[in-house]
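# Could you look at this predicted model? Sequence included:
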Amino acid sequence: MSFVIASILLISVFATGVFAYRGDPLTPSPNAQIDESVREELQQAVLEGDYETWITLREEYGLSGQGRMAQIATPDNFEKISQLHQARLENNLELVYQLKEELGITANYGKMYGKRLGRGM
């Protein structure tokens with residue numbers, strides 16, 4: 001009896017697979033665990049293109065250096081990041097991909113980029 005239960009559990013684990021966040025530009029990361037009010041303040045600073053407020057808020061809430069955006073954002077490219085955020089809100093994928101390319105932001109989809117054939121599983 002225990003062999004049957006163990007077999008069913010093992011099969012269910014392998015059958016479900018592993019799903020990771022793939023970087024959909026219109027979907028917030030499920031790993032983001034920031035309070036909603038903080039997220040709104042940061043988002044407003046990005047929408048306004050206000051790098052100084054954005055960086056001050058990140059430091060105030062203990063977020064400095066955390067996340068990919070902290071590695072990419074600079075005072076020189078923050079306006080473009082603001083445009084990228086606005087394009088995401090407007091579901092303008094063509095502009096999103098153009099701005100991501102200009103900013104050097106790429107997603108790693110394996111060897112078969114975009115075809116999801118090289119997932120490394």
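Looks like it came in fine. Residues are numbered from 1 along each chain as shown.

# burial of residue 79, as a residue count?
Counted with other Cβ atoms under 10 Å, the neighbours of residue 79 add up to 11. For glycine as for every other residue, the C-beta is placed from the backbone atoms N, C-alpha and C.

# any idea how far it is from residue 87?
13 Å (Cβ to Cβ, to the nearest Å).

# Helix or strand: which one has residue 71?
helix 68-72 (DSSP states H and E).

# typed the wrong thing, it's residue 40
Here residue 40 is covered by helix 36-47, with elements defined by DSSP H and E.

# Show me what that helix is packed up against.
In terms of contacts (3 or more Cβ pairs under 8 Å, 6 or more residues apart in numbering; DSSP states H and E), helix 36-47 is packed against helix 51-60, helix 78-89.

# and it, which residues are buried?
The neighbour-count check on helix 36-47 (16 or more other Cβ atoms under 10 Å) flags 41, 42, 45, 46 as buried.

# Show residues contacting it.
When contacts are taken as Cβ atoms under 8 Å, 6 or more residues apart in numbering, the neighbours of helix 36-47 outside the stretch itself are 32, 34, 51, 53-54, 57-58, 61, 63, 78, 81-82, 85-86.

# Which among these count as buried?
Going by neighbour count (16+ other Cβ under 10 Å), the contacts of helix 36-47 have 51, 54, 57, 58, 61, 63, 78, 81, 82, 85, 86 buried.
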